[in-house]
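Colleague: could you look at this predicted model? Sequence included:
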Amino acid sequence: MAAISGNVWNVLGCSYCGAGLAKTGSGAECTGCGLEYPHTDSGALDLRLRQPRKYELSFELGTSLSPGAGLQIEPLRPNSKPEVDFSALGVPFRMTKELMSYIPKARTADSLMLDVGCGSAVHRGLGEGAGFEWVGIDYSASEATALADAHALPFKDGTFECILSVAMLHLVRYPFVVMREAFRVLKPGGTFLGTVAFLEPFHEGGFYHNTHLGILNSLQFGGFTVEKLAPSEDWSGLRAQAAMALFPKMPRPMIRSIVYPVHLLHRLWWKAGGLITGNPNVNENVRIRNSTAGFSFVATKPG
């Protein structure tokens, strides 16, 4: 694990009280409450909560969920004006070329991108390719810049220009808290993008699989403006069930060949239904939305 840069040290904060951190021989110490944060055996700084912390939220009942002007729930199309050319990079696991096209370009040489739930750091190249200093946090992965809890992000307010969250939000216990934390540490005008699970099989340790309204509601509660909310066209519920539950470890080409006949029949059935009934809600976009294994999103922080 590489050492934390001075640029990142300047924006670290205590996950319990929010005060700044001072370097120590064994890790870091909060300048406010005095809590100590040690290095792990892998060398990562352990900024996870050292003791329970209360997080107060307030909900306003009786309000309507507003998708926002022009928001369509349909498969994500490539950004017509991408800021970054990723053509020289491959597409990392669980990422898509379409979602990559919405990653913004770093504004300055010191700009930071946060990868929440970074796992084995497979998306680091995307951040660095866009000119950011990549900061990866994970609850347990040794490849992370620091270990941290997404419910209590150990950073100062308005730190990051871009936040990435890939296949992570279904694993958090309190998604509304995570959204508020992401909003807090994002700069005004910054971008928050990622993916969430929907019709995937059972996840050990998972809490919430998100419908399109579920992720929309969570993002808007956090304060974000949702620009794109898209069901995955390729990663269908049928393929996810086959890959993750029915035939785990089977090579993907074999899985595709097994599910293809059912997938084709599914498409033809919906197409025939639309032609016969004339119902505008029986169409290809609705079919994809109703049977997708996950959604991707692009959101921004006003300012």
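Modeller: That came in fine, so what should we check first?
Colleague: got the end-to-end distance for stretch 18-31?
Modeller: Stretch 18-31 has an end-to-end distance of 10 Å (Cα to Cα, to the nearest Å).
Colleague: contact partners of it?
Modeller: Stretch 18-31 has contacts (Cβ atoms under 8 Å, 6 or more residues apart in numbering) with 9, 12-14, 16-17, 32-33, 35-39, 45-47, 154, 156. Using the backbone N, CA and C atoms, a C-beta is placed for each residue, glycine as well.
Colleague: among those, which ones are in strands?
Modeller: 36, 37, 38, 45, 46 (DSSP state E).
Colleague: state the pair within the residues you listed that is farthest apart.
Modeller: Maximum pairwise distance among those (Cβ to Cβ): 11.1 Å, between 36 and 45.
Colleague: of these two, who's got more company?
Modeller: Per other Cβ atoms under 10 Å, whichever of residue 36 and residue 45 has more neighbours is residue 45, with 25 against 13.
Colleague: measure that one to residue 26 for me?
Modeller: Distance, residue 45 to residue 26, by Cβ to Cβ, to the nearest Å: 10 Å.
Colleague: now do the shared contacts for these two.
Modeller: Residues touching both residue 45 and residue 26 by Cβ under 8 Å, 6+ apart: 38, 39.
Colleague: please produce a ChimeraX select command covering the buried subset of the contacts of stretch 18-31.
Modeller: Buried members of the contacts of stretch 18-31, defined by 16 or more other Cβ atoms under 10 Å, are picked up in ChimeraX with:
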select :12,13,14,16,35,37,39,45,46,47,154
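Colleague: per-domain residue ranges of the protein.
Modeller: 6-46, 97-236+288-300, 238-287 (automatic domain parsing).
Colleague: what's the most buried one of these?
Modeller: Among those, domain 97-236+288-300 has the highest mean neighbour count (mean count of other Cβ atoms under 10 Å), at a mean of 20.
Colleague: nearest to residue 5 among the ones in strands among the contacts of stretch 18-31?
Modeller: residue 45 (12.0 Å).
Colleague: that closest one: what's its closest spatial neighbour, skipping adjacent residues?
Modeller: Closest residue in space to residue 45, ignoring its immediate chain neighbours: residue 146 at 4.4 Å, by Cβ to Cβ, 6 or more residues apart in numbering.
Colleague: pretty sure the one you found is touching residue 43, no?
Modeller: No - using Cβ atoms under 8 Å, residue 146 is not in contact with residue 43, being 10.3 Å away.
Colleague: follow-up on the earlier one: which of the domains of the chain sits closest to residue 86?
Modeller: Of all the domains of the chain, domain 97-236+288-300 sits nearest to residue 86, with 5.2 Å by Cβ to Cβ.
Colleague: what's the end-to-end length of that closest one?
Modeller: From its first residue to its last, domain 97-236+288-300 covers 19 Å (Cα to Cα).
Colleague: got any ranges where this protein has weak pLDDT?
Modeller: 1-2 (pLDDT under 70).
Colleague: counting by contacts, list what the lengthiest strand in it packs against.
Modeller: For the chain, the strand reaching the highest residue count under DSSP E is reported as strand 186-197. Judged by 3 or more Cβ pairs under 8 Å, 6 or more residues apart in numbering; DSSP states H and E, strand 186-197 is in contact with strand 160-165, strand 294-300.
Colleague: ok, and what's touching the longest one?
Modeller: Residues outside strand 294-300 that contact it (Cβ under 8 Å, 6+ apart): 76, 96, 98-99, 102, 167, 189-200, 210, 212, 215, 219, 224-232, 235, 240.
Colleague: just stretch 62-75 next, same as before
Modeller: For stretch 62-75, contacts defined as Cβ under 8 Å, 6+ apart pick out 212-213, 216-217, 220, 225-233, 285, 288-289.
Colleague: so how far is that stretch off the chain centroid?
Modeller: Mean C-alpha position of stretch 62-75 versus that of the full chain (Cα atoms, centre = their mean, to the nearest Å) differs by 19 Å.
Colleague: buried residues in that stretch?
Modeller: Here stretch 62-75 shows 73, 74, 75 as buried, counting by 16+ other Cβ under 10 Å.
Colleague: and it, end to end?
Modeller: One end of stretch 62-75 sits 30 Å from the other (Cα to Cα).
Colleague: ok, stretch 85-98 next?
Modeller: Start to finish, the residues bounding stretch 85-98 are 12 Å apart (Cα to Cα).
Colleague: follow-up on the earlier one: I'd like the domains of the chain laid out as TSV, including distance to residue 63.
Modeller: Shown next, in TSV, are the domains of the chain (distance: least, Cβ to Cβ, whole Å):
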stretch	distance to residue 63
domain 6-46	29
domain 97-236+288-300	10
domain 238-287	25
